[in-house]
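what follows is a predicted protein model with its sequence.
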Amino acid sequence: MNSAVNHPNERTVDNCSGDEAKSIENQRFCAYYRYVKHRHGLNKRQEEAVLAIDGPVMVIAGAGAGKTKVLAARILEIISRGVAPEHILAITFTNKAAGEMRSRVLGGLGSVGTQRAGHPFISTFHSLGLSIIKERHATLGLPARPAIWDRSDSMREIKKALRELGEEDIEPRAALGIISKFKGDGTSPAEYAAGVRGPWERAVARAWEKYEVSKRAAKAVDFDDLLVLPVELLRREEAARGEYRARWRYILIDEYQDTNALQAELAALLLGAEKNIFVVGDIDQTIYSWRGAQIKNLLRFEESYPGTRVVLLEENYRSTKNILDAANALIEHNQNRVEKVLLPTRGVGETIGLYQAFDERDEAGFVARKVRELMEAGRAPRDIAVLYRANFQSRALEEQFLAADLPYQVLGTRFFDRKEVKDALSWLRAALTPNPQDIERAVSSPSRGIGKVTLMKMLRGEDAGPKAVQFYGILARLREAAHHAKPSDLLKLVIAESGLEKMYREDKFEGAERLGNLRELVSLGARFDEEPAPKGIEDFLESAALQSEQDEIKEERNVVRLMTVHASKGLEFPVVFIVGLEEGLFPYESELEEERDPEEERRLMYVALTRAKEKVYLCYASYRTVFGSKSMGAPSQFLSELPGDILELEGPERLGKTIYLD
């Protein structure tokens, strides 16, 4: 088949379920449908999404509905109709998801018969923004490869700004969170300052202003700027808008429910007159409002893009019927959603286990015992995940897993946020693109006897003595090596020359683990070894800076994963434990009434349930110690929203059959 075949968008695959002899045109459409269905192996609704090529399309894809397959198949379908691959832009939220989509598309290009050398542009929103910034760096007053501040860099600068303002009582994390949220909403520092109420917000506004001055002086951008700067550029530069619209005629966006105001606007600014925008999302999995995600972007998509075709993907290929029955019953209590029901494609499966613990120690003990039973029955540790609402809940679980000698991993700290990794990257950046932040970190990691006075002289470019000369000599050697060395070899040199290797070899406590992480950094650098120097190391640094927490390196060890429900989004496991199901904890109750969103908490529980493929265990405790005090808790309201006939009590029933179900 080729682009000569008629592809009428007004038709749907329902036209092909009965008598197809109504018209020659319909016969051709149905023949093409069967051809594409065979090529991609999609179900009826997935095919409908793939075939609706032109104009705005919104796909509501339930958990486990195969949306990545649909996105990849749609890209290949567009190309098969004669569209040049480089005219397609596909955006998702994590590097991992972008990599998976890229792999599927590139692997399928041969099957659609394209002879073109170009490829679709498949990336995250932030990678897309950085690409635009680099192309337009002169207009933006930035170097071709600006330094990218990660969250810890930003935290350091905000802390410094608050200290200089005498506002050290303000929590830097809270201040940075407010700044990031307002930047994501498209609010400038001046606009925020104009609307402040009270001394706390006034202090944050002043800190924000100082923060921006420091960032400009370092010729750096932070993570939020990767969206702010492209949007500001495209708003004011008509020529730039025209160029990008001509470049990307088809735009596809994954996880659209997670977009904030700037991300939605960026997509709209890039969109040409044909409005060929295709978004995939699930309102029932909107769990990031605290990061600025706006559920209205998906709810009002049809208002924003009149004539939108809506396709529901409801067939679930992940979970058993009992798990889906629980998820469907739970989420139907929400009002702000598009009505859909997850349809099982697997069997009924096991019932959902329910355990009433005395306290958090008993709860963790139950999980550990059950994990041991599962492992003895042949279940691999990697098949099991334990999910909780708040990070503090991991402590009791870790104690019990250690006591039971169970293999586990707590997912939380990103690989690139680990101290030794950040130290090595600071040395590398200080050598290639010197800036005060990286020099300050590098001179103290490891310590080389350079105090504050000497450091200030160094930052001002003054003569600072022999220790400074020695330090700059190391940077010069690393800079010289970067012109010819492969990234992996350069990283090895950084680790040795900086003194990090020697320091951790002498550390008998954490040294081995930290050296292991540095070796993993070298392995990551090796992925860029095929690129010419110094582009390889520059691309490596860019990749490291753009890693999100969903892209955290998860070593493929055979261990049980312990993580928050937020961290579990996008993952799946045969067996899932959901612990801490008590009122006030899950659903979580904020002290600030305006921050409470019962529907988002329910969506979070829905996400937790739909991570499971075969078995779910739900746990709650009658008493829990929080902030040093043990208090009595009531079972979560979510338990009463689940069908009682699919729940099975797990013994021992210490406090009797106190099950709060309808």
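On my side now, so go ahead. Residues are numbered from 1 along each chain as shown.

and the pLDDT for the nearest residue to N276 once chain neighbours are set aside?
The shortest distance from N276 to any non-neighbouring residue, by Cβ to Cβ, 6 or more residues apart in numbering, is to Y250 (4.6 Å). C-beta coordinates here come from the backbone N, C-alpha and C atoms, glycine included. Per-residue confidence at Y250 stands at 96 (pLDDT).

I'd assumed H87 was in contact with Y250.
Yes: the criterion here is Cβ atoms under 8 Å, and Y250 meets it with H87 at 6.4 Å.

same drill for these two, tell me which one is more crowded.
Between Y250 and H87, counting by other Cβ atoms under 10 Å, Y250 is the more crowded of the two (22 against 17).

ok now do the more buried one, which residues does it touch?
The contact partners of Y250, taken as Cβ atoms under 8 Å, 6 or more residues apart in numbering, are 53, 78, 83, 87-89, 276, 278.

give me the beta-bridge partners of it?
According to DSSP bridges, I88 are recorded as the beta-bridge partners of Y250.

mind checking how far it is from H119?
The gap separating Y250 from H119 is 14 Å, by Cβ to Cβ, to the nearest Å.

and if you look at L411?
Between L411 and H119 the computed distance is 32 Å (Cβ to Cβ).

again with V204
On the measure of Cβ to Cβ, V204 and H119 end up 43 Å apart.

who has more neighbours out of those two?
The residue with the greater number of neighbours, taking V204 and H119 and applying other Cβ under 10 Å, is V204; the counts read 27 against 15.

not counting sequence-adjacent ones, nearest residue to M605?
Once its chain neighbours are removed from consideration, M605 has its nearest residue in F638; the separation is 5.0 Å (Cβ to Cβ, 6+ apart).

can you confirm that neighbour is in a strand?
No: assessed with DSSP: H, G, I helix; E, B strand; the rest coil, F638 is helix; it does not lie in a strand.

quick check: it touching L604?
No: taking contacts as Cβ under 8 Å, F638 lies outside contact range of L604: 9.6 Å.

anything in contact with each of the two?
Each of F586 lies in contact with both F638 and L604 under the rule Cβ under 8 Å, 6+ apart.

now the helices for the stretch 101-250 of the chain?
Remark: helices assigned in the stretch 101-250 of the chain by DSSP state H, counting those that start in this stretch are 125-135, 137-140, 151-164, 172-184, 189-194, 198-217, 225-236, 238-247.

residue contacts, the residue nearest to M605?
For F638, the contacting residues are 330, 581, 586-587, 602, 605, by Cβ under 8 Å, 6+ apart.

convert the helix or strand where E501 lies to CSV, retaining C-alpha atoms only.
Assigned by DSSP states H and E, E501 belongs to helix 500-505. As requested, the backbone C-alpha atoms of helix 500-505 are provided in CSV (Å, rounded to 0.1, in the frame of the first residue of the first chain):
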residue,chain,number,x,y,z
LEU,A,500,38.0,11.1,43.8
GLU,A,501,39.3,7.6,43.1
LYS,A,502,42.0,7.8,45.8
MET,A,503,39.6,9.3,48.3
TYR,A,504,37.0,6.6,47.9
ARG,A,505,39.6,3.8,47.9
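
give me the residues contacting it.
Identification of contacts with helix 500-505 by Cβ under 8 Å, 6+ apart yields 420, 423-424, 427, 445-446, 494-495, 510-512, 514-515, 518.

which strands and helices sit next to the helix or strand just after it?
Per DSSP H and E, the first helix or strand lying C-terminal to helix 500-505 is helix 511-526. Applying 3 or more Cβ pairs under 8 Å, 6 or more residues apart in numbering; DSSP states H and E, we find helix 511-526 packed against helix 419-432, helix 487-497, helix 500-505, helix 535-545.

pull the CA atoms of stretch 355-375 into CSV?
Provided in CSV are the C-alpha atoms of stretch 355-375 (Å, rounded to 0.1, in the frame of the first residue of the first chain):
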residue,chain,number,x,y,z
TYR,A,355,-4.3,-7.1,55.6
GLN,A,356,-5.2,-5.2,58.8
ALA,A,357,-2.0,-4.6,60.7
PHE,A,358,-1.6,-3.5,64.3
ASP,A,359,1.0,-0.9,63.5
GLU,A,360,3.6,0.0,60.8
ARG,A,361,6.0,-2.7,62.2
ASP,A,362,3.4,-5.4,61.9
GLU,A,363,2.5,-4.1,58.4
ALA,A,364,6.1,-4.3,57.3
GLY,A,365,6.5,-7.7,58.9
PHE,A,366,3.5,-9.0,56.9
VAL,A,367,5.0,-7.7,53.7
ALA,A,368,8.3,-9.3,54.4
ARG,A,369,6.7,-12.7,55.3
LYS,A,370,4.6,-12.6,52.2
VAL,A,371,7.5,-11.7,50.0
ARG,A,372,9.4,-14.7,51.4
GLU,A,373,6.5,-17.0,50.7
LEU,A,374,6.3,-15.7,47.1
MET,A,375,10.1,-16.2,46.6
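
next, the buried residues of it.
355-357, 359-368, 370-371, 374-375 (16 or more other Cβ atoms under 10 Å).

so how far is that stretch off the chain centroid?
Using Cα atoms, centre = their mean, to the nearest Å, the distance from the centre of stretch 355-375 to the centre of the chain it belongs to is 30 Å.

for that stretch, give the mean pLDDT please.
For stretch 355-375, the mean pLDDT works out to 95.

same deal with stretch 400-417?
84.

so in the protein, which strand runs the longest?
Of all the elements of type strand in the chain, the one with the most residues (DSSP state E) is strand 612-621.

and that strand, what does it pack against?
For strand 612-621, the contact count by 3+ Cβ pairs under 8 Å, 6+ apart identifies helix 321-331, strand 352-357, helix 360-376, strand 573-578 as packing neighbours.

show me the shaky parts of this protein.
Applying pLDDT under 70 to the chain picks out residues 1-40, 110-117, 412-414, 509, 548-556, 590-596, 626-629, 652-662.

mind running it again at 80?
Low-confidence regions of the chain, defined here as pLDDT under 80, cover residues 1-41, 107-118, 152, 289-293, 412-417, 507-513, 547-557, 590-597, 625-630, 651-662.

what bridges to the closest residue to F573 other than its chain neighbours?
Leaving aside its chain neighbours, F573 sits nearest to A385 (4.2 Å; criterion: Cβ to Cβ, 6+ apart). For A385, the beta-bridge partners under DSSP bridges are R561, V576.

ok, A385 - how many residues close by?
By the criterion of other Cβ under 10 Å, A385 has 23 neighbours.
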